[in-house]
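**Q** would you be able to build a 3D model of this:
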Amino acid sequence: MSFDHYGVFFSTVIAAFAWPPVWFGLLFWLIGLSTFLYFAVKNLPRANYLFIYWFCANELLTALFMQQFNVAIVACILFSFLFIEKEKDIWATFFIMFGTFVKLYSIAGLAFFFFSKHKPKFIISLVGWSVVFFILPMLIASPGYVIEQYGAWITDLLAKNDLNMFGSGTNISLLGMVRKISGIATYSDAYLIGPGILLFMLPYLRFKQYVHLAFRYFILASTLLFVVLFSTGSESSGYIIALVGVAIWYTAALWKRNKWDVILLIFVFAVTSLSPTDIFPRVIRKTLIQPYALKALPCVLVWLKSCYEICTRDFSESKLDVDNETTKRIS
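**A** This is a model prediction of the structure:
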């Protein structure tokens with residue numbers, strides 16, 4: 001299994017799967033990842049979880065074939081969202097920090113902080129879980145070694161960022177697509193990341209929309225897409241995160257999706273999900289999709305459209321709006 005570039009805390013996560021024979025540990029690792037995501041999606045309140053399962057099934061296989069933590073990342077982000085909905089901020093922050101101490105993407109769960117009704121409790125529990133996960137590896141290794149590994153992890157991630165720029169299997173993102181199509185190596189990704197963050201944060205100014213579950217779902221979808229599209233470390237197996245975001249974006253709409261939305265959804269499935277497979281023409285995959293990171297293109301279009309919808313649509317008339325009693329069925 002390939003677990004490079006993960007935090008030292010991951011040693012405590014994978015330990016139980018490492019003790020048995022490799023074939024047995026690997027089998028249950030993959031079952032564990034799939035089950036984790038299954039329950040995260042299943043518990044989305046009033047979501048069309050069957051559509052999400054089927055739409056993301058092929059992308060889930062792509063992620064499982066790589067045996068990486070990306071499946072758990074999307075589950076951690078979903079659970080952080082779910083527990084904030086349930087007003088159980090301690091568990092929400094547990095999943096945020098659990099994922100973050102393995103792979104930084106899960107820090108995206110902080111995007112839901114503004115929806116928390118117990119912000120001081122959220123902050124305190126976030127700090128508390130950070131301390132717990134920081135020291136937990138010290139139960140199986142010396143404190144000095146663990147601290148050294150945290151420093152090495154940061155150094156490794158910075159070095160990996162440089163290597164990702166034109167890597168054939170990495171930087172499959174908006175950043176990578178622009179860089180690989182342009183062929184320019186000298187500009188800073190900040191020119192794209194800066195406007196991207198501003199566009200991502202703009203919907204948070206719509207304070208009156210916070211009370212509507214559909215609006216919060218759109219923020220969730222935007223978050224899942226953003227963490228993949230604006231990371232130079234994005235790989236093909238990481239698109240299980242983005243595909244769940246696309247499925248939520250499509251199904252959470254309060255209005256009837258038009259033909260262009262359907263075409264866009266098909267475009268995502270055809271290019272983003274199927275392009276790494278043998279179903280997709282090899283000549284196109286090898287000469288166009290992979291060299292120019294075009295797997296990201298459909299998801300970029302979805303993210304831009306979702307940003308427009310979050311900023312302009314009124315989410316007040318919603319069958320997804322639920323009272324507190326209904327929302328608490330998340331458990």
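**Q** any low-confidence regions in this structure?
**A** Flagging of the chain using pLDDT under 70 yields the residue ranges 1-4, 160-169, 317-331.
**Q** residue 78: which element?
**A** Under the criterion of DSSP states H and E, residue 78 resides in helix 70-85.
**Q** what's that helix packed up against?
**A** helix 22-42, helix 49-65, helix 89-100, helix 213-229, helix 239-251 (3 or more C-beta pairs under 8 Å, 6 or more residues apart in numbering; DSSP states H and E). For the C-beta atoms, the positions are set from N, CA and C on the backbone; glycine is no exception.
**Q** what's the closest of those helices to residue 5?
**A** Closest approach to residue 5 among these is made by helix 89-100 (13.8 Å; C-beta to C-beta).
**Q** what comes up buried for that closest one?
**A** Buried residues in helix 89-100, counted by 16 or more other C-beta atoms under 10 Å: 89, 91, 92, 93, 94, 95, 96, 97, 98, 99, 100.
**Q** let me know the closest of those residues to residue 281.
**A** Using C-beta to C-beta, these come closest to residue 281 at residue 99, 35.7 Å.
**Q** quick check: the residue lying closest to the closest one once chain neighbours are set aside vs residue 293, distance?
**A** Distances taken as C-beta to C-beta, 6 or more residues apart in numbering place residue 106 nearest to residue 99, at 2.6 Å, with adjacent residues excluded. For residue 106, the distance to residue 293 equals 23 Å [C-beta to C-beta, to the nearest Å].
**Q** likewise residue 100?
**A** 25 Å.
**Q** mind listing the helices for the stretch 201-331 of the chain?
**A** Secondary structure of the stretch 201-331 of the chain (DSSP state H, counting those that start in this stretch): helices located at 213-229, 239-251, 259-267, 282-284, 297-312, 324-327.
**Q** tell me which of these sits most buried.
**A** Per residue and on average, the most neighbours among the helices of the stretch 201-331 of the chain fall to helix 239-251, with a mean of 28 (mean count of other C-beta atoms under 10 Å).
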